[in-house]
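# pasting the structure only:
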Ligand SMILES: [Zn+2]
């Protein structure tokens with residue numbers, strides 16, 4: 001397939017996804033993000049992207065795990081495989097979330113920052129489930145809710161066998177918790193126990209008051225019936 005066709009296809013998936021979620025949950029956005037498809041067989045180098053040096057670490061990390069890199073309002077897609085639509089759906093949800101919540105990047109303490117990151121991943125995953133209309137598409141490692149002991153073992157293996165450093169383990173746990181909560185949120189929403197306007201409020205929540213992220217995090221856990229202290 002010619003490069004232009006890949007480019008058009010990924011743009012269409014991302015823009016349709018943003019439109020669909022915005023319509024479903026009464027959300028707004030001022031513009032679409034820029035979407036760039038990188039041709040197959042081309043190595044993607046940090047130097048080619050004109051990003052600030054401070055983003056090098058996140059670039060390295062994303063390159064290892066994800067076929068889409070999202071920075072600011074730019075999505076760089078460097079592999080269109082069978083799982084890519086799911087990644088594009090999640091990034092579309094992240095984009096809408098950031099435009100509606102206007103969460104500040106800095107100024108939160110460590111506990112609050114973690115809760116915000118978990119809830120970002122929760123809504124990203126929730127959005128991917130809404131758009132993909134299927135069961136957990138990322139179920140490639142033990143689930144934190146149903147398989148908690150296995151998930152702990154898996155984390156040990158990441159550390160001891162795969163050499164994950166503290167930052168990577170932390171990032172893994174943030175995603176794992178967010179994804180597990182997103183899956184439960186989706187189950188509650190689909191069955192009508194959580195109403196649509198609650199989801200809209202979660203997308204719009206800015207967490208600007210101190211302690212707010214922790215409070216919302218706890219509320220959501222209660223609403224979805226999360227049973228354990230992790
Ligand atoms: Zn994500």
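Thanks, I have the structure now. All values derive from a computational prediction rather than experimental measurement.

# so who does the one residue in the chain that gets nearest to the ion touch?
Nearest to the ion, among the residues of the chain, is residue 124, at 4.0 Å (C-beta to the ion). Glycine gets a C-beta too; all of them are placed from N, C-alpha and C. With contact taken as C-beta atoms under 8 Å, 6 or more residues apart in numbering, residue 124 is in contact with 90, 91, 93, 94, 97, 178, 182.

# near the ion, which of the residues you listed show up?
Applying C-beta under 5 Å from the ion, the subset of the contacts of residue 124 adjacent to the ion is empty.

# wait, which of those is closest to residue 197?
Checking these against residue 197 by C-beta to C-beta gives residue 97 as the nearest, at 16.0 Å.

# distance check, the closest one against residue 204.
From residue 97 across to residue 204, the span is 9 Å (C-beta to C-beta, to the nearest Å).

# quick one: buried ones out of the contacts of residue 124?
90, 91, 93, 94, 97, 178, 182 (16 or more other C-beta atoms under 10 Å).

# inside helices: which ones of those?
90, 91, 93, 94, 97, 178, 182 (DSSP state H).

# does the last one touch residue 130 like I think?
I take that to be residue 182. No - look at residue 182 against residue 130 with C-beta atoms under 8 Å: they stay out of range, at 9.9 Å.

# ok, residue 177 touching residue 121?
Yes - using C-beta under 8 Å, residue 177 is in contact with residue 121, at 7.5 Å.

# now the element after the helix or strand of the chain with the lowest mean pLDDT, going C-ward?
Using mean pLDDT, DSSP states H and E, helix 56-65 stands out as the lowest-scoring helix or strand of the chain, at a mean of 73. Once the chain leaves helix 56-65, the next helix or strand it forms, by DSSP states H and E, is strand 68-71.

# contacts for that next one, please.
In contact with strand 68-71 (C-beta under 8 Å, 6+ apart) are residues 33, 44, 51, 55, 58-59, 62-63, 75-78, 84, 87-88, 91, 94-95.

# show me which of those residues are buried.
33, 51, 59, 62, 75-78, 84, 87-88, 91, 94-95.

# mind picking the two most distant members of these?
51 and 84 (21.4 Å).

# can you tell me which of the ones in helices among the buried ones among the contacts of residue 124 is closest to residue 218?
Comparing those against residue 218 with C-beta to C-beta places residue 178 closest, at 15.0 Å.

# now that closest one: closest residue in space, sequence neighbours ignored.
residue 121 (2.5 Å; C-beta to C-beta, 6 or more residues apart in numbering).

# same question, residue 159
Using C-beta to C-beta, 6+ apart, the nearest residue to residue 159 is residue 169, at 6.0 Å.

# elements contacting the helix or strand that contains the one you found?
If you go by DSSP H and E, residue 169 is part of helix 166-190. Contact analysis of helix 166-190 by 3 or more C-beta pairs under 8 Å, 6 or more residues apart in numbering; DSSP states H and E lists helix 56-65, helix 110-132, helix 148-160, helix 196-204, helix 212-224 as its packing neighbours.

# averaged pLDDT, the second one. What do you get?
When you say that, I think you mean helix 110-132. For helix 110-132, the mean pLDDT works out to 92.

# quick one: buried residues of it?
112-131.

# same question for the third one.
Judged by neighbour count (16+ other C-beta under 10 Å), helix 148-160 contains these buried residues: 151, 154, 155, 158.

# export the residues you listed to TSV and tack on distance to residue 71?
Shown next, in TSV, are the buried residues of helix 148-160 (distance: C-beta to C-beta, whole Å):
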residue	distance to residue 71
151	29
154	28
155	27
158	24
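
# identify, from the residues you listed, the entry nearest to residue 1.
Using C-beta to C-beta, the buried residues of helix 148-160 come closest to residue 1 at residue 158, 35.5 Å.
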